[in-house]
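**Q** Give me a model of this one.
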Amino acid sequence: MEMESLQILYIILAGVGAFFLLFSIFAGGDAEIDLDVGDIDFDISDAEAGADSASVFSLRTLATFLLGFGLAGWIAFRGEHGIGIQIISGFTTGLLISFLYFLVMKLMYGMQGSSIVSSRTLIGKQGIINIPTTSIGIAQLKVTTHSGFQEYSCKEKNDTKLKQNDLVNIISDLGGGTLLVEKV
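**A** Residues are numbered from 1 along each chain as shown. The predicted structure is shown next:
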């Protein structure tokens, strides 16, 4: 029995999608394609995407689309449906699978912990003065955050000199890593 060219195309698309998906998983996630044809340079890389979020246009999302398109197109072909149904089912299945993959990756990236603390989230909290006010009016503050203790420069609201172990309330962020505080 001779395979028709459309059936071969669906199998190739599914195979390419499966290959790149498996390759990117087992290659450590930093999969790259660099194709140079004459003066034209094509680069696809997951490494260029932000490490803290999933990307709709990543190599893995594209691979899941190709895999879904190829498999659904092949199944519709084997079910002896017309070319329109094959393409529509391939396209919708590819989009659905790649969208589901994207949502799962976004959920997984969202579960990662972060030790980065925005100084704006500290407003209203209390801290302890670690280093007393210097001659330029700046002291050092120790604050408990979700990632442990962190230290910030601070300035007292009324220009009062702060001593070591003074308890202060954080009022606002002056920018540049310096907080405005008020002695309790």
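**Q** And the helix or strand containing Thr61, what's buried?
**A** Following DSSP states H and E, the helix or strand that holds Thr61 is helix 59-78. Neighbour-count burial for helix 59-78, counted by 16 or more other CB atoms under 10 Å, picks out 59-74, 76-77. Every residue, glycine included, has its C-beta placed from N, CA and C.
**Q** same deal with stretch 147-160?
**A** Neighbour-count burial for stretch 147-160, counted by 16+ other CB under 10 Å, picks out 150, 152, 154-156.
**Q** From the rest of the structure, what touches stretch 170-184?
**A** Surrounding stretch 170-184, the residues in contact under the criterion CB atoms under 8 Å, 6 or more residues apart in numbering are 119-120, 122-127, 138, 141, 143, 152-158, 160, 162, 166-169.
**Q** least trustworthy helix or strand in the chain by mean pLDDT?
**A** strand 40-45 (a mean of 56; mean pLDDT, DSSP states H and E).
**Q** can you give me the strands for this structure?
**A** Applying DSSP state E to the chain gives strands spanning 32-37, 40-45, 126-131, 139-145, 148-156, 167-175, 178-183.
**Q** The fourth one: partners in the sheet, and parallel or antiparallel?
**A** By that I understand strand 139-145. Strand 139-145 has its sheet partners listed here by DSSP bridges as strand 126-131 (antiparallel), strand 148-156 (antiparallel).
**Q** Thr92 is nearest to which of the ones you listed?
**A** Ranking these by distance to Thr92, with CB to CB as the measure, places strand 148-156 first at 47.6 Å.
**Q** Next, report how far that closest one is displaced from the centre of its chain.
**A** Shown here is strand 148-156, whose average C-alpha point lies 28 Å from the average C-alpha point of the whole chain (CA atoms, centre = their mean, to the nearest Å).
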